[in-house]
Structure formats: C-alpha cells, structure tokens
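Enquirer: Here is a sequence together with a model predicted from it:
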Amino acid sequence: MYVVVNAAMSADGKLSTREREQVEISGPADFDRVDALRAESDAVMVGVGTVLADDPSLTVDGDARRERRRDAGKPENPARIVADSRVRTPTDARVLDDRAETYLLTSEAAPQDFVAEISEAGAEVVSAGEQQVDLPEALAQLEDRGIERLMVEGGGELIFSLFAADMVDELSTFVGPAVIGGWKAPTLADGDGFVDDFPELSLRDVERVDDGVLIRWDVP
Ligand SMILES: NC(=O)c1ccc[n+]([C@@H]2O[C@H](COP(=O)([O-])OP(=O)(O)OC[C@H]3O[C@@H](n4cnc5c(N)ncnc54)[C@H](O)[C@@H]3O)[C@@H](O)[C@H]2O)c1
Ligand SMILES: Nc1nc(=O)c(N)c(NC[C@H](O)[C@H](O)[C@H](O)COP(=O)(O)O)[nH]1
C-alpha cells in the first residue's frame, strides 16, 4: 500500500485552533489539489478526532473527477476510512452517508453494542489491536480488499501514529498565511512525539500555491 499524508497547516504549524475548530488554511487552488488527490486514491482516511471536530464528507467534489473514476470502472468516490478505536463516530456523521463505502477501524476495546450500531448505520467494521487500532494490521486487511493507494487527511494524532509505524510514503503540507498559536492546538504530528530516531524526509519539491507554500516530501 502506498500512503500519502496531506494536510494544511498555519505558518506556525497548527492544523486547527485550540478549540479544535476547523480553520480554512488552504485557498481555492489548494482545496482543488486536495480534491484531485482524493480522486486519485482508493481510500481517504482520517482519525475520529477529525470526524468529531469537522464532520467531513471525504468525497470528491469535482463532477468531472467523479466521472473519470466511473469511466475507469471505479466507484464514483474513494472509500472512506476512520480510525476509531472505541467507536466514537456518531451514527449521523457524514462519513456514514451512502455516497461512498466506509470502513471503521476499531480495536478489541470497542463496546460490542457500538460496533453493532455503527454497522447498522452503514460502516464496515475492521477490528485490529487491543486498546488502539493496530494500523499496520488494519491497513493490511484493507489492502487485501483492494486499497492500494491511501490518502490520509489527518489529524495530528493519526499522522503521528502512521509515522511511528513507518507507514508513510509521501507527505504534502500546505503552509498557509495565518498564525493560529496555542499550546493545545493540533499540529501536523501530535501523539507522544519522537525523542530520537526521527523519521527522515527527502524534499521532492516546493511550490507557491494560493498565498502559501506547498511542500512535498518523500519518506524513503
Ligand atoms: N488542517 C488540516 O489539514 C486538518 C486535517 C485533518 C484534521 N484537522 C484538524 O485536526 C483536529 C483533529 O485531530 P486530532 O489529532 O485531534 O484527531 P485525529 O483525527 O488524528 O484522530 C485521533 C483519534 O483517532 C483514534 N485512533 C485510533 N487508532 C489510532 C492510532 N493508532 N493512532 C492515533 N489515533 C488513533 C483515537 O481515538 C484518536 O483519539 C481537528 O481540529 C481537525 O479540524 C486539520
Ligand atoms: N486541505 C485542507 N485545508 C484546510 O484548510 C483544512 N482546514 C483542511 N481540513 C481537513 C479536514 O479533514 C476537513 O474536515 C476536510 O477537508 C473536509 O472535508 P469535506 O470537504 O467535508 O469532504 N484540509
């Protein structure tokens, strides 16, 4: 599986405010690039923190892009994946609508009645790990179901775990023209953080987009 992480951060490296309120960091050209990236992917993944904060739909916006996918014999929208160890996704979340297939990755710690409810609401539940989703195991199960190219949109906790599991192949960050600040505001990689053995990145390219900068890194 090839894993691309994409996120937008403020000039000071934050993904959103300390209230975890979504901020439009990207401009129109960057949002359009994100839509194209979604359309090129077999699945788009977020952590449940992002579902609770933003209620994203994670579908492809551009009609022509959805049509191209159909012409290529693919579903109109990529699958959606939510890492949600204990099933905190609300049953009325947009990721559970019928516009795309949705996988909920959970752990053995997920209450069985929540698992039943979320399956009834339309998600396919994949269980891996004891307390937290075991990402390598869960993503291997999804690879068996044909997900080869995965785009991850965040947030910071999930992105950290993917780096910690050495599962990221590519990182794109749009750095936008705002300062958000705040000790508690989510950053690109949160979780426990690394103290040594930092993942090394190799700079692929840098481009001016909207009023910010798009930086693309390979993770060798
Ligand atoms: N600017 C951007 O590009 C962007 C993108 C996405 C999210 N965001 C923002 O990020 C914030 C949410 O980020 P976050 O870090 O709070 O949550 P997150 O989206 O990273 O979700 C984290 C949650 O995922 C679950 N999870 C399951 N298995 C896990 C694992 N192995 N490792 C880590 N988490 C696992 C846990 O319940 C954990 O609490 C929101 O404020 C949202 O607006 C911004
Ligand atoms: N690329 C990007 N630039 C931003 O400025 C920003 N705030 C996000 N945030 C990502 C977050 O996950 C959002 O929730 C989804 O981008 C919304 O997705 P939908 O349009 O609802 O599908 N992402």
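Expert: Done, it's in. Ligands and ions are numbered 1, 2, ... in the order given.

Enquirer: which residues of the chain fall in strands?
Expert: 2-9, 43-47, 79-83, 102-106, 124-127, 149-154, 170-175, 202-209, 212-218 (DSSP state E).

Enquirer: Give me the contacts around the shortest one.
Expert: Outside strand 124-127, the residues within contact range by C-beta atoms under 8 Å, 6 or more residues apart in numbering are 101-108, 110, 115, 118-119, 138, 141-142. Every residue, glycine included, has its C-beta placed from N, CA and C.

Enquirer: Any stretches of this protein with poor pLDDT?
Expert: In the prediction, the chain carries no residues with pLDDT under 70.

Enquirer: For it, what lies in contact range of ligand 1?
Expert: For the chain, the residues in contact with ligand 1 (C-beta under 6 Å from any ligand atom) are 7-8, 15-16, 20, 22, 25, 46-50, 53-54, 83-85, 132-133, 135, 153-158, 161, 186, 190.

Enquirer: From these, list the ones also adjacent to ligand 2.
Expert: 8, 22, 25, 46, 50, 54, 153-154.

Enquirer: which two of those residues lie the greatest distance from each other?
Expert: Spatially, the most separated pair among those is 25 and 46, at 15.9 Å (C-beta to C-beta).

Enquirer: wait, residue 3 sits on residue 169?
Expert: Yes. Applying C-beta atoms under 8 Å, one finds residue 3 in contact with residue 169, separated by 5.1 Å.

Enquirer: which of these two has more neighbours?
Expert: Neighbours were counted for residue 3 and for residue 169 using other C-beta atoms under 10 Å; residue 3 has more, 20 against 15.

Enquirer: Check the spacing between that one and residue 98 real quick.
Expert: Residue 3 sits 26 Å away from residue 98 when distances are taken as C-beta to C-beta, to the nearest Å.

Enquirer: hmm, back to that, hmm, which of the ones next to ligand 2 among the residues of the chain next to ligand 1 are the buried ones?
Expert: 8, 25, 46, 50, 54, 153-154 (16 or more other C-beta atoms under 10 Å).

Enquirer: Out of these, the closest to ligand 1 would be?
Expert: Nearest to ligand 1 among these, counting by C-beta to the nearest ligand atom, is residue 154 at 2.5 Å.

Enquirer: so what's the closest one up against?
Expert: Taking C-beta under 8 Å, 6+ apart, one finds 5, 7, 15, 46-47, 50, 186 in contact with residue 154.

Enquirer: Could you pick out the residues of this structure near ligand 2 for me?
Expert: 8, 22-26, 34, 46, 50, 54, 56-59, 153-154.

Enquirer: what's the burial count for residue 122?
Expert: Counted with other C-beta under 10 Å, residues neighbouring residue 122 total 14.

Enquirer: Residue 158 reaches residue 152, doesn't it?
Expert: Yes. With contact defined as C-beta under 8 Å, residue 158 counts as touching residue 152 (6.7 Å).

Enquirer: circling back: make a markdown table from the strands of the chain and add distance to residue 182 to it.
Expert: Formatted as a markdown table, the strands of the chain follow (distance: least, C-beta to C-beta, whole Å):
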| stretch | distance to residue 182 |
| --- | --- |
| strand 2-9 | 13 |
| strand 43-47 | 19 |
| strand 79-83 | 24 |
| strand 102-106 | 29 |
| strand 124-127 | 34 |
| strand 149-154 | 17 |
| strand 170-175 | 17 |
| strand 202-209 | 25 |
| strand 212-218 | 19 |
